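A.B. asks: Prediction below, plus the sequence it came from.
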Amino acid sequence: MSRPKKPRVYYSLLTREDGQWAPQFGDYDLDTVKFERDDYRDRGHKAKDLKIITTTDEQADINRAVFELNEAGK
């Protein structure tokens, strides 16, 4: 009998376009996500339009966090 999968800490890089946050990249390693964020900066994205969030690796948790950010920005 296998144990249910335990959610792990997951980092997501979000970009903001037209006032809405959307996930672009995610990984279990924060340094990997920071590297990706820096790549977005090198390609012209402004720091204010990039955000790294921490959730579990459950898609529903990521979706909920993004939804809450967008609702807070209205």
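C.D. replies: Cool, the structure landed. None of these values were measured; they are calculated from a predicted model.

A.B. asks: OK, contacts around the most centrally placed residue in the chain?
C.D. replies: Centroid check for the chain by Cα atoms, centre = their mean gives residue 12 as the closest residue, at 2.3 Å. Residue 12 is in contact with 23, 25, 26, 33, 52, 53, 55, 62, 65, 66, counting by Cβ atoms under 8 Å, 6 or more residues apart in numbering. Any C-beta I mention is one placed from the backbone N, CA and C, and that applies to glycine too.

A.B. asks: Walking through this structure, point out its strands one by one.
C.D. replies: For the chain, applying DSSP state E gives strands covering 9-17, 20-27, 50-56.

A.B. asks: what comes into contact with stretch 28-43?
C.D. replies: 8-13, 15, 24-27, 47, 50, 52, 57.

A.B. asks: List just the nearest of those residues to residue 70.
C.D. replies: residue 15 (12.4 Å; Cβ to Cβ).

A.B. asks: of the contacts of residue 12, buried ones?
C.D. replies: 23, 25, 26, 33, 53, 55, 62, 65, 66 (16 or more other Cβ atoms under 10 Å).

A.B. asks: what's the distance between the second one and residue 47?
C.D. replies: Pointing back at residue 25 there. Note on residue 25: its distance to residue 47, by Cβ to Cβ, to the nearest Å, is 16 Å.

A.B. asks: And the fifth one, by the same measure?
C.D. replies: When distances are taken as Cβ to Cβ, residue 53 and residue 47 turn out to be 15 Å apart.

A.B. asks: what does the fourth one give?
C.D. replies: Separation of residue 33 from residue 47 (Cβ to Cβ): 15 Å.
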